[in-house]
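**Student:** Okay, sequence plus prediction incoming.
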Amino acid sequence: MAAEMRASGEAAAFAAAASASTAAGAGAAAAAVPSPPATPIKVLVPDLQDAVRVLSEMSIVLEDWSTDRERNAKRLDKMLKRYTSRLRSMYEWAEREDLSRPMFLPQSFLQHVDAGQSPNVWVKELITSTTQRHDQARGQFRGVKRMREVFDELLLQEGQDREGEGEGEKADSPQQPTGVPAAKQGKKAERETMGQAAGPAEAAPPVEDGPERKREAEGGTEGVMQSR
């Protein structure tokens, strides 16, 4: 009985060791398999897209050339260097790429070729779609730019209208003399208006000397003579 148990334990240990060695071997084999290289066309796509993007930006700069020539000339110089760098990168890749080894092509490209169409058509469609996306983005940029210009014109016109209204109110208001309160000027004008409405004052008629006036004058003269 003990011998049977010992034999079964040894068998289980052997099976565990065998499974462990098999798993380790499978892991080593998986690690030894190299990962597939990047698709050559996928490597070129960023360069192609950036080259098309640079061409779109260059067209915008050339359209606005007359606005700021010095600034646009500097921008155009940078874009030309960037475009040349992209072309050089694609050319160097084509020189060092070994096309004899297996290539991992995109599924859409394989379907395109399986349908009997030319690979050049697929590349042309790729560039066309990229160009259309950038043209759409450029159109949106122009629309936003024009909208901003319209808003600036409206704000400027509104400010000019407000300034014109303020100057018109100042011109319509009466000129007040310096140092004289408006309340006093109002009272003075009111008195002058009332005086003009009443008209010039009539002179008092001369008082005629009546009999009583003469007697008073004669009595006064007699009193003066008697006192003398």
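**Tutor:** Structure's in. What do you need? Numbering: from 1, shown residues only.
**Student:** in stretch 49-69, what counts as buried?
**Tutor:** Neighbour counts over stretch 49-69 (16 or more other CB atoms under 10 Å) mark 49-54, 56-58, 61 as buried. The C-beta positions use only the backbone N, C-alpha and C, and glycine is treated the same way.
**Student:** Tally up the residues packed near T128, please.
**Tutor:** For T128, the count of nearby residues is 11 (other CB atoms under 10 Å).
**Student:** ok, now how distant is it from F109?
**Tutor:** Per CB to CB, to the nearest Å, T128 is found 15 Å from F109.
**Student:** can you check K145 too?
**Tutor:** Separation of K145 from F109 (CB to CB): 38 Å.
**Student:** These two: who's more crowded?
**Tutor:** Neighbour count, other CB under 10 Å: between K145 and F109, F109 has more, with 16 against 11.
**Student:** what's the helix or strand for that one?
**Tutor:** Per DSSP states H and E, F109 falls inside helix 107-114.
**Student:** picking up where we left off before, from the buried residues of stretch 49-69, which is closest to L155?
**Tutor:** Lowest distance from L155 to the buried residues of stretch 49-69 (CB to CB) belongs to V61, with 27.6 Å.
**Student:** so where does that closest one fall, helix or strand?
**Tutor:** Secondary-structure assignment from DSSP H and E places V61 in helix 40-63.
**Student:** For stretch 79-88, buried residues please.
**Tutor:** Within stretch 79-88, the residues scored as buried using 16+ other CB under 10 Å are 79, 82-83, 86.
**Student:** Which of those fall in helices?
**Tutor:** 79, 82-83, 86 (DSSP state H).
**Student:** could you dump the residues you listed to JSON lines with distance to Q136 and pLDDT?
**Tutor:** Formatted as JSON lines, those follow (distance: CB to CB, whole Å; pLDDT from 0 to 100):
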{"residue": "M79", "distance to Q136": "20", "pLDDT": "82"}
{"residue": "R82", "distance to Q136": "21", "pLDDT": "83"}
{"residue": "Y83", "distance to Q136": "21", "pLDDT": "80"}
{"residue": "R86", "distance to Q136": "21", "pLDDT": "79"}
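**Student:** ok, of these, which one's closest to F151?
**Tutor:** For those, the residue nearest F151 by CB to CB is M79; the value is 29.1 Å.
**Student:** Fine by me, we can end here.
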